[in-house]
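# from the sequence below, what's the structure:
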Amino acid sequence: MPEAMEHINWRIDWQQFHFLRPAALYLFIPLVLTVIILLAGNREPKRWKHLIAPVLRPYLFTEGNRWSLLLPLVFFILGISAAIIGVAGPAWHRTVVPGQKVQAVVLVAMDLSASMNATDIPPTRVERAKLKLSDFLNAHPGAKAGLLAYAGTPHLVMPFTTDYQLIKLQAASLNAKEMPVPGTNTTLLIKYIDTLMNPVLAPSTVLLLTDEVTAADAALFTNYVSSNIHQLEILLMSSPAGAHVPGFTKVLSMQDESVLQSLRTNPRITINHLTLDTTDVGAIATRIREHLIFEKDKRTDDKAWDDMGYLVIVPVGLLVLLWFRKGWAIQWCCIPFLLLLGSCSVNSREANWWYTRDYQGQVLYKAGDYQQAADRFKDIPHKAAAAFKAGDYDAAAALYALDSSASGQYNLGLALAKSGRFDEAMSAFARAGQLNPDLEKKAANSISKVSKAKMQVDSVVKMGQKNTKVKEDKKNGPLKERKRKPDDPGLSADTKVKNMPKTGDRLTDEVKSNIHQAQESQEGPSKNDTATNNDVMKHIILRRPPADPGEFLHKRFELQRKRYFQQVKPGTEQW
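Numbering: from 1, shown residues only. Just a heads-up that it's a prediction; the model follows:
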């Protein structure tokens, strides 16, 4: 108790004094009415005393004084008034908000210039960089990771995510040929990194996988780390002897050791040399884990206030004890307040005065009012369960997606399956089985059920598409074309209907207008061509693009270059 009292700000700032719930002050109105009733009821008219025999009066009445009426009333007024003020929420001091906990991230920037194709680090520098990236993620740095590829222009491959497997999958297809602009534009790289890392509040790490750092690059890196809170880790993907760049046989790509010596003097830049084992990336991952959580500065502009109403609890309790003193018992005057409190339910407007939001949601959930329960719950798992019961599967899926535990992912799969998002549901079940081996069998059964449901839905859709096709009537099918004969009557816009040919064959004629001139084909398609076209149309919807992630990334990078880097041209050093 004394420790708790130390944190109370007893100095009242009357300029900032106010009530957080001023509507509660209206309770003074029933208090005044109650006092009036007490005063009127305690009047001692003498008329009814004459109805009692004088002999019995000394035994039925005792001598009293004015204090016997006033003291209980005074303490009653003080106790109720203090309680009302406490409910109103007096406040005169702003809430001290503790520092916000934020988590660091790591941005991996991989060099994909032509020099990364050198073979001094077998099989190639770029392939070894991808292996080192995989080892780094397997070391589990613990932070969200993002992947950036750069050459003449920088491009974001993967935004910040904790799904390391997805990053490794995307990195496996990276190659120098995918970059739209050759060369190395470090200035543009630094600007792009600053754009991505600027919203990050915690001191984080930029991991650079490159084969060479020039003196100009070193100056840019030094300026970057000195102007923000992040640090730079450089992992060199080249041998001390260097190597000739493929396609540029006269160019020797080799790291200048003096440049590295100048960078080592900066405490926020770490140079890591390549090792045959995972010692290099393991040390980087360890340093990131050690500085994973950061406490942001306390907010000074918060508008929340300390509710000091709890200070009246002790004095109100002491005053209420006096109501039970012999001769002072006036508890009956609290009947209106008890009736007011007794009528409060979770559906009343004052429910938040007496019940927490989660308790209200629990009561409504047990009553079967799931939609109202979902609105009341603040606890995410309970809120998601109520939304699921209410049939709002999209909302339930969005809430379950916030829970990364095995049970949360399993429930996410159930909600997605109910929404008809079968592929996502099977992925969620698979994640749940991976996170918790005890759920592996149950998740496998759910995946099987969802797969069957997906097949049924797909079969119904295909059947509906097949039934909507117009069947060709072979007997009364499309008109067959034939060549025009000399004795055939000519057709024009003025030809009357009765003069139309009686045969079923359509005449081949030349179509002329003032816009274009075209001639219909002289022959219809052969049987082989018709069969080929039908086969193509049958499978055109099922045709998939080539399963080459590298080609997809190349097209994406080219599109980004045209949209964001139109002015960037290849430099003189295209390696």
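# so where do the strands sit in the stretch 251-400 of the chain?
Assigned by DSSP state E, counting those that start in this stretch, the strands in the stretch 251-400 of the chain fall at 269-272, 293-295.
# make that the stretch 101-250 of the chain, sorry
101-103, 105-111, 144-150, 154-161, 205-210, 231-236, 243-245, 248-253.
# highest average neighbour count across the ones you listed?
Ranked by mean neighbour count, the strands of the stretch 101-250 of the chain are led by strand 205-210 with a mean of 25 (mean count of other CB atoms under 10 Å). C-beta here means a position set from N, CA and C on the backbone, and glycine is covered the same way.
# now, of the strands of the stretch 251-400 of the chain, which is deepest in the fold?
strand 269-272 (a mean of 19).
# remind me which residues of this protein are low pLDDT?
1-10, 41-49, 61-69, 95-102, 294-304, 323-344, 350, 460-550, 571-572, 574-575 (pLDDT under 70).
# okay, which residue is most central for it?
Against the mean C-alpha coordinate of the chain, by CA atoms, centre = their mean, the closest residue is Leu402 at 7.3 Å.
# so that one is in which element?
Assigned by DSSP states H and E, Leu402 belongs to no helix or strand.
# start at 33, not 1
Sure thing, new numbering starts at 33, so read that last one as Leu434.
# rewinding a little: okay, the strands of the stretch 283-432 of the chain in JSON lines with distance to Lys162 next?
Formatted as JSON lines, the strands of the stretch 283-432 of the chain follow (distance: least, CB to CB, whole Å):
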{"stretch": "strand 301-304", "distance to Lys162": "16"}
{"stretch": "strand 325-327", "distance to Lys162": "30"}
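# Gln48 is nearest to which of the ones you listed?
Comparing these by their distance to Gln48 (CB to CB), the top pick is strand 325-327, with 27.6 Å.
# start and end of stretch 231-243, how far apart?
29 Å (CA to CA, to the nearest Å).
# about what we covered before: spatially, what comes nearest to the residue nearest to the centre of the chain if we skip its sequence neighbours?
Ile412 (5.7 Å; CB to CB, 6 or more residues apart in numbering).
# quick one: that neighbour and Ala433 touch, right?
No. Applying CB atoms under 8 Å, one finds Ile412 not in contact with Ala433, separated by 10.2 Å.
# so the two - more neighbours on which side?
Looking at Ile412 and Ala433 with other CB atoms under 10 Å, you find the greater number of neighbours at Ala433, namely 17 against 13.
# residues contacting that one?
By CB atoms under 8 Å, 6 or more residues apart in numbering, the contact list for Ala433 reads Leu444.
# any idea how far Trp124 is from it?
Applying CB to CB, to the nearest Å, the value for Ala433 to Trp124 is 42 Å.
# just the CA trace of stretch 312-329, in CSV.
This file holds the C-alpha atoms of stretch 312-329, laid out as CSV (Å, rounded to 0.1, in the frame of the first residue of the first chain):
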residue,chain,number,x,y,z
ASP,A,312,29.9,-15.4,-40.5
VAL,A,313,26.1,-15.2,-40.8
GLY,A,314,25.6,-16.8,-37.4
ALA,A,315,27.5,-13.9,-35.8
ILE,A,316,25.3,-11.4,-37.7
ALA,A,317,22.1,-13.2,-36.6
THR,A,318,23.3,-13.2,-32.9
ARG,A,319,24.0,-9.4,-33.0
ILE,A,320,20.5,-8.8,-34.4
ARG,A,321,18.9,-10.9,-31.7
GLU,A,322,20.7,-9.1,-28.9
HIS,A,323,19.2,-5.8,-30.0
LEU,A,324,15.8,-7.0,-31.1
ILE,A,325,13.5,-5.0,-28.8
PHE,A,326,13.7,-1.3,-28.4
GLU,A,327,11.7,1.0,-26.1
LYS,A,328,10.5,4.1,-27.8
ASP,A,329,10.5,7.5,-26.0
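# residues in contact with it: which ones?
131-136, 138, 164, 167-168, 171-175, 233-235, 237, 239, 265, 267, 302, 304-306.
# so which elements touch the helix or strand Tyr91 falls within?
Following DSSP H and E, one finds Tyr91 within helix 89-92. If contacts are counted by 3 or more CB pairs under 8 Å, 6 or more residues apart in numbering; DSSP states H and E, helix 89-92 sits against no helix or strand.
# now do the buried residues in it.
By neighbour count with 16 or more other CB atoms under 10 Å, helix 89-92 contains no buried residues.
# same check, this time on stretch 393-406
Within stretch 393-406, judged by 16+ other CB under 10 Å, the buried ones are 393-397, 401-402, 404-406.
# helices of the stretch 183-332 of the chain, start to end?
196-203, 218-229, 247-258, 289-296, 311-322 (DSSP state H, counting those that start in this stretch).
# next up, the contacts around the residue nearest to Leu434.
Contacts of Ile412 by CB under 8 Å, 6+ apart are 431, 434-435.
# closest to Phe597 out of the residues you listed?
Leu434 (36.2 Å).
# for that closest one, give its distance to Leu467.
Using CB to CB, Leu434 is found at 15 Å from Leu467.
# can you check Met487 too?
27 Å.
# between the two, who's got more neighbours?
Leu467 (17 against 11).
# for the closest residue to that one other than its chain neighbours, give me its contacts.
Using CB to CB, 6+ apart and skipping residues adjacent in sequence, the residue nearest Leu467 is Ala438, 3.8 Å away. For Ala438, the contacting residues are 463-465, 467-468, 471, by CB under 8 Å, 6+ apart.
# from these, which land in helices?
463-465, 467 (DSSP state H).
# can you measure across stretch 199-216, start residue to end residue?
Stretch 199-216 end-to-end distance (CA to CA) = 23 Å.
# so how far is it off the chain centroid?
Offset of stretch 199-216 from its chain centre (CA atoms, centre = their mean, to the nearest Å): 28 Å.
# now do the buried residues in that stretch.
So for stretch 199-216, counting by 16+ other CB under 10 Å, buried means 199-200, 202-203, 205-208, 210-216.
# biggest separation within the residues you listed, which pair?
Farthest pair in the buried residues of stretch 199-216 (CB to CB) is Lys200 and Gly215. Separation: 26.9 Å.
# re earlier: can the helices of the stretch 183-332 of the chain go into a markdown table with extra columns for distance to Arg588?
Output for the helices of the stretch 183-332 of the chain, formatted as a markdown table (distance: least, CB to CB, whole Å):
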| stretch | distance to Arg588 |
| --- | --- |
| helix 196-203 | 11 |
| helix 218-229 | 15 |
| helix 247-258 | 26 |
| helix 289-296 | 33 |
| helix 311-322 | 27 |
